[in-house]
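*Asks:* the following block contains a protein sequence and its predicted model.
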Amino acid sequence: MVDSEVFWSFNVSVGENVENLIVVNTVRVKQKEVKRRRSVRWLLPVLAVLVICSAVGGSVIYEWNYGTFGLIGPQPTVKATAAGRVIKVPPGGNIQAALELATSGDIIELQAGAVYSGTITLPNKPLTDYVTIQSSAVGNLVPDKRVSPAQRSSMATITAGMLGRPAIATAKGAHHYKFIGIEFAATSSTYNYGLVVLGNGETAVNLPHHIEIDRSYMRPNKTGVVRRGIALNSAETIVKNSYIEGFGFPGEETQGICGWTGTRNVKILNNYIEGGAENIMFGGADPASADLIPIDIEVHGNYLNKPQAWADKVSVKTLFELKNSKRVRFTGNLMTNNWKGSAFRITIRNQDNGAPFSTIEDVLIKDNIIDGAGDGINILGKDDLYPSQVLKNLTIENNLFLNIRGDKEFEGGGYLIQVTQGEGITIVNNTAFNWGSTIKFYDTMPKAFVFRDNIIGHGLYGVHGIDNRSAQAQTLLQNNVFMNLNRVPTSDYAFPAGNTIVASMDEIRFADPNAKDFRLAPASKYRGKAKNGKNLGSDLAPMPR
């Protein structure tokens, strides 16, 4: 006889494919004082559930949530401390069982360096405070400081589930869970749609919410494909101080973070993020209704990068993309090495012609440094394929664009702005070293478009798509300084009156170009020449990488 109390957790899911699985039941079998030779009895309720699920149609996919697959294995233990309860899960133990034991304010402690198998499904429980799942060595990970892969030894690892299922999933309405110091990893070559899946098409009333991921690390398997690091379709969610790498593959639309339905009140703060097609994207699939449009999103202080090793090996589009969203603040981010296409895509898409309410509204892009891209910002103010709403209120302010060019290293036209349609687009106080056109207007002119107080490259073609001699052009572009980086002749200048051009950037007198400090030097004659006595161009200091 073995004196123990063991809970086995067995998820049964029904769906047409791995991306759209729905957990229909979780069988928990209690085994107490059972001899090993008689232990097969617990299989009976599991088999019964499988038969029932098969009868309702669809494919049946099942997996263990018991880490070691052993008959009797390490189980969570609960310890009361002065700060609250700590539920310790030994290496290979059952995190799902710990989650079922947990109450508001509990800490579930995983052993640093140990590996735990998923899929872990966050349950919907009546929590009023966070249940925290953290590494036993979390004290080695400094709060509010971004982690790196070099700190993996201080993390516990949760691996993705079998058959391409995620490491972490959420039940409908699951809330108040926090992860600190966790490595999320794919360990098989099975195609995986998301390493961490927060939300799976719920309605607005049963969205997962109040979820945090802090000081954690995410990576795919080297021999498999993981479509995205985080599917962020939840509310009141924070991802911060984390390191998300490797989510780029040939022929795949991959993202570091992507949300498309129900995403609301989320913050992405101080992370390193890699993504092939898009490092971060909101939109890209049609939500069921307008009240599920991604809304109230803050992306601040992150480093978005595409590794040079991906060149010619990974499908690349952009660094940050919006297709359907409202009230977005993208501020204080460093963005590097988008060698193909534009750094930003602000393009409304009713993706599959099922969401004519698709829109982009009230977006602020401010205080960012973009270093290396084929183009700057592509703005599509209305879907050109399917019915959609019209973009409203986009502000692009105080950003620094470096190395925006199309050449042997970067594939693109080198333009700063390409735009059609939209209402209320304001582009002010930016500094840009773009080697292609400054602005390319095409098709329908945007309404209430303002481009002023910028220091930008003229490129070969300057401003085109509009008659630069017209009063309309002079209204749209005011008080900008064009740098003749391409040394085009005077006869090829293309910009309206009310703006100036200089022969080289040396005439601007930047603080320290060699250190990529393109603030105006004290002796620059363009100080105080912008609206309200501000300096022309951007005042951003270089950002650490």
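*Replies:* Great, that's in hand.
*Asks:* drop to CA atoms for contacts and neighbour counts, all remaining ones
*Replies:* OK.
*Asks:* secondary structure element for Gly173?
*Replies:* Using DSSP states H and E, Gly173 sits within no helix or strand.
*Asks:* pretty sure Met155 contacts Gly139?
*Replies:* No. Counting by CA atoms under 8 Å, Met155 does not reach Gly139; the two are 10.4 Å apart.
*Asks:* more neighbours: the two, which one.
*Replies:* The neighbour count for Met155 versus Gly139, taken as other CA atoms under 10 Å, is higher for Met155 (29 against 10).
*Asks:* if I look at the spatially closest residue to Ile508 that is not a sequence neighbour, how far off is Thr128?
*Replies:* Excluding its sequence neighbours, the residue lying closest to Ile508 (CA to CA, 6 or more residues apart in numbering) is Ser524, at 6.2 Å. Using CA to CA, to the nearest Å, we find Ser524 at a distance of 56 Å from Thr128.
*Asks:* please apply the same query to Ile427.
*Replies:* 43 Å.
*Asks:* which of those two has more neighbours?
*Replies:* Taking other CA under 10 Å, Ile427 and Thr128 do not tie; Ile427 has more neighbours (22 against 11).
*Asks:* now do the SS call for the more buried one.
*Replies:* Classification of Ile427 by DSSP: H, G, I helix; E, B strand; the rest coil places it in strand.
*Asks:* next up, the contacts around it.
*Replies:* By CA atoms under 8 Å, 6 or more residues apart in numbering, Ile427 lies in contact with 395-397, 450-452.
*Asks:* now Lys392
*Replies:* By CA under 8 Å, 6+ apart, Lys392 lies in contact with 360-362, 381, 422-425.
*Asks:* restricted to strands, list the contacts of Ile427.
*Replies:* Within the contacts of Ile427, residues falling in strands by DSSP state E are 395-397, 450-452.
*Asks:* top of the contacts of Lys392 by neighbour count?
*Replies:* Scoring these on neighbours with other CA under 10 Å, the highest-scoring entry is Ile360 at 31 neighbours.
*Asks:* surely it is in contact with Thr395?
*Replies:* No. Counting by CA under 8 Å, Ile360 stays clear of Thr395, with 12.0 Å between them.
*Asks:* where do the helices sit along the chain?
*Replies:* Remark: helices assigned in the chain by DSSP state H are 43-55, 95-101, 471-476.
*Asks:* how is the chain divided into domains?
*Replies:* Using automatic domain parsing, the domains assigned to the chain come out as 5-64, 245-545.
*Asks:* hmm, which helix or strand of the protein has the shakiest average pLDDT?
*Replies:* Ranked by mean pLDDT, DSSP states H and E, the helix or strand of the chain with the weakest confidence is strand 59-64, at a mean of 35.
*Asks:* Gly528 - how many residues pack around it?
*Replies:* For Gly528, the count of nearby residues is 12 (other CA under 10 Å).
*Asks:* got a list of contacts for the strand ranked longest in the chain?
*Replies:* When every strand of the chain is counted residue by residue (DSSP E), the longest turns out to be strand 334-347. For strand 334-347, the external contacting residues (CA under 8 Å, 6+ apart) are 301-308, 311, 316-323, 360, 368-383, 409-412, 543, 545.
*Asks:* please indicate which of these are buried?
*Replies:* Buried by 16 or more other CA atoms under 10 Å: 301-307, 311, 316-323, 360, 368-383, 410-412, out of the contacts of strand 334-347.
*Asks:* so which residues of the stretch 401-545 of the chain form strands?
*Replies:* Here the stretch 401-545 of the chain has its strands, by DSSP state E, counting those that start in this stretch, at 417-420, 423-428, 431-434, 439-441, 447-452, 455-457, 463-464, 477-478, 481-483, 500-502, 510-512, 517-520.
*Asks:* so for Asn270, which of these sits nearest?
*Replies:* Between Asn270 and those, the tightest spacing by CA to CA is seen for strand 517-520, at 21.6 Å.
*Asks:* pLDDT of the closest one, averaged?
*Replies:* For strand 517-520, mean pLDDT rounds to 98.
*Asks:* could you say what helices and strands that strand packs with?
*Replies:* In terms of contacts (3 or more CA pairs under 8 Å, 6 or more residues apart in numbering; DSSP states H and E), strand 517-520 is packed against strand 510-512.
*Asks:* give me that answer again for 10 Å
*Replies:* strand 400-404, strand 431-434, strand 510-512 (3 or more CA pairs under 10 Å, 6 or more residues apart in numbering; DSSP states H and E).
*Asks:* and the nearest residue to Leu195 once chain neighbours are set aside, how far from Ala288?
*Replies:* Nearest non-adjacent residue to Leu195, counting by CA to CA, 6+ apart: Pro166, 4.7 Å away. According to CA to CA, Pro166 stands 23 Å off from Ala288.
*Asks:* these two - which one has more neighbours?
*Replies:* Each of Pro166 and Ala288 has its neighbours counted (other CA under 10 Å); Pro166 has more, 31 against 16.
*Asks:* phi and psi next, for the more buried one.
*Replies:* phi -70, psi 170 (degrees, to the nearest 10).
*Asks:* coming back round to it: redo the ones in strands among the contacts of Ile427 as TSV? Include distance to Gln75, neighbour count and pLDDT.
*Replies:* Below are the ones in strands among the contacts of Ile427 laid out as TSV (distance: CA to CA, whole Å; neighbours: other CA atoms under 10 Å; pLDDT from 0 to 100):
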residue	distance to Gln75	neighbour count	pLDDT
Thr395	53	18	98
Ile396	53	20	98
Glu397	54	22	98
Val450	63	17	98
Phe451	62	20	98
Arg452	64	23	98
